[in-house]
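*Asks:* coordinates only, no sequence provided:
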Ligand SMILES: [Zn+2]
């Protein structure tokens, strides 16, 4: 793959026979750095970018996307986007890695990255940041609390207490507002499940970017929790993840992009966008051995059950 390819969006795949919903993406947030590079034209890239996103979705058969703001500077942005464009709904929370930063943890991460302290980490302590989420979620039409949870890959031992406290607070908030919960669980399956069971999981609980194997899939199905699959399930190496997909009952499967990250195979390394959920859907239908149209209908029903009951 040439360098140039890495900065260009993959082509839009043929439309799905039945439209589906990307239930977890990051359109309209700070994370657009990567995407802005591929946007042609002048200074004000935001409207052009959103129009391009929506056009891709329309062509690919992605009817709607839930866009997630999980850092303080992004919370209002996703709420605004959802207010302006009918193709988007908003979910908000404090990301587990952000929770550690708000709590003042500044350790070098297990992945070797420096903590990237920004102004909002100093302006809000952890309680303050969660209170902001609670306040915004109670006076705006957000459709989920997320993403929250645990990340033991990016945050080391010092950040675990903050992440767990934040996760518990978000679980309580989702239940209080009767909203679904989107969970980020990276290298933390055991503690994630334990805390959910200790607190009592919200009625609609989604493991976003499901990263488990057959065993975790069994825990999810036993509890009626949803597994949302991202482009990672299409990566050739991820055999365990495909076993997880194989284990999940069709009634508990969702699709997402987590864009701008995790672009599905064969476009890994290029920027991701909600329209590319199309490729993950096609791939999953094959793995599950279900006709594409039947599988799309199932996904749409599942997504509506969780977010738009
Ligand atoms: Zn995400």
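*Replies:* It's in. What you are looking at is a predicted structure, and each value in this text was computed from that prediction instead of being measured.

*Asks:* quick one: secondary structure of residue 129?
*Replies:* helix (DSSP: H, G, I helix; E, B strand; the rest coil).

*Asks:* swap in residue 91?
*Replies:* strand.

*Asks:* tally of neighbours for the closest residue to it other than its chain neighbours?
*Replies:* The shortest distance from residue 91 to any non-neighbouring residue, by C-beta to C-beta, 6 or more residues apart in numbering, is to residue 144 (3.8 Å). Backbone N, C-alpha and C define where each C-beta goes, glycine included. Using other C-beta atoms under 10 Å, residue 144 is surrounded by 27 other residues.

*Asks:* so what's residue 144 up against?
*Replies:* 66, 91, 174, 179, 180, 181, 182, 206, 306, 307 (C-beta atoms under 8 Å, 6 or more residues apart in numbering).

*Asks:* so who does residue 23 touch?
*Replies:* 65, 66, 182, 206, 208, 228, 254, 255, 256, 303, 306, 307.

*Asks:* hang on, the earlier thing: just read off the phi/psi values of the residue nearest to residue 91.
*Replies:* Main-chain dihedrals, residue 144, degrees, to the nearest 10: phi -160, psi 160.

*Asks:* from residue 206, how far out is it?
*Replies:* 8 Å (C-beta to C-beta, to the nearest Å).

*Asks:* same deal with residue 95?
*Replies:* To residue 206, residue 95 is 15 Å away according to C-beta to C-beta.

*Asks:* more crowded one of the two?
*Replies:* Neighbours per residue, other C-beta under 10 Å: of residue 95 and residue 206, the larger number sits with residue 206, 29 against 22.

*Asks:* stretch 115-124: end-to-end distance?
*Replies:* Counting by C-alpha to C-alpha, to the nearest Å, you get 16 Å between the two ends of stretch 115-124.

*Asks:* and which of the contacts of residue 23 is nearest residue 128?
*Replies:* Distance to residue 128, by C-beta to C-beta, is smallest for residue 182 among the contacts of residue 23, at 21.6 Å.

*Asks:* may I have the beta-bridge partners of that closest one?
*Replies:* On the basis of DSSP bridges, residue 182 is bridged to residue 146, residue 206.

*Asks:* in strands, which of the contacts of residue 23 appear?
*Replies:* When strands are assigned by DSSP state E, the members of the contacts of residue 23 inside them are 65, 66, 182, 206, 208, 228, 254, 255.

*Asks:* which strand residues bridge the second one?
*Replies:* In this entry, residue 66 is beta-bridged to residue 89, by DSSP bridges.

*Asks:* how close does it get to residue 259?
*Replies:* For residue 66 relative to residue 259 (C-beta to C-beta), the value is 12 Å.

*Asks:* common neighbours of these two, please.
*Replies:* The contact sets of residue 66 and residue 259 overlap at 22, 25 (C-beta under 8 Å, 6+ apart).

*Asks:* looking at those two, which one has more neighbours?
*Replies:* residue 66 (30 against 27).

*Asks:* could you list which residues are in contact with that one?
*Replies:* Per C-beta under 8 Å, 6+ apart, neighbours of residue 66: 21, 22, 23, 24, 25, 88, 89, 90, 91, 143, 144, 307.

*Asks:* most widely separated two among the ones in strands among the contacts of residue 23?
*Replies:* Comparing all pairs in these by C-beta to C-beta, the longest separation belongs to 65 and 206, at 14.5 Å.

*Asks:* export the contacts of residue 66 as a markdown table, with columns for pLDDT and distance to residue 217.
*Replies:* Formatted as a markdown table, those follow (pLDDT from 0 to 100; distance: C-beta to C-beta, whole Å):
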| residue | pLDDT | distance to residue 217 |
| --- | --- | --- |
| 21 | 98 | 21 |
| 22 | 98 | 21 |
| 23 | 98 | 18 |
| 24 | 98 | 18 |
| 25 | 96 | 23 |
| 88 | 96 | 29 |
| 89 | 98 | 26 |
| 90 | 98 | 28 |
| 91 | 98 | 23 |
| 143 | 98 | 25 |
| 144 | 98 | 21 |
| 307 | 98 | 21 |
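
*Asks:* what is the nearest of the residues you listed to residue 265?
*Replies:* If you rank the contacts of residue 66 by distance to residue 265 using C-beta to C-beta, residue 22 comes first, at 17.0 Å.
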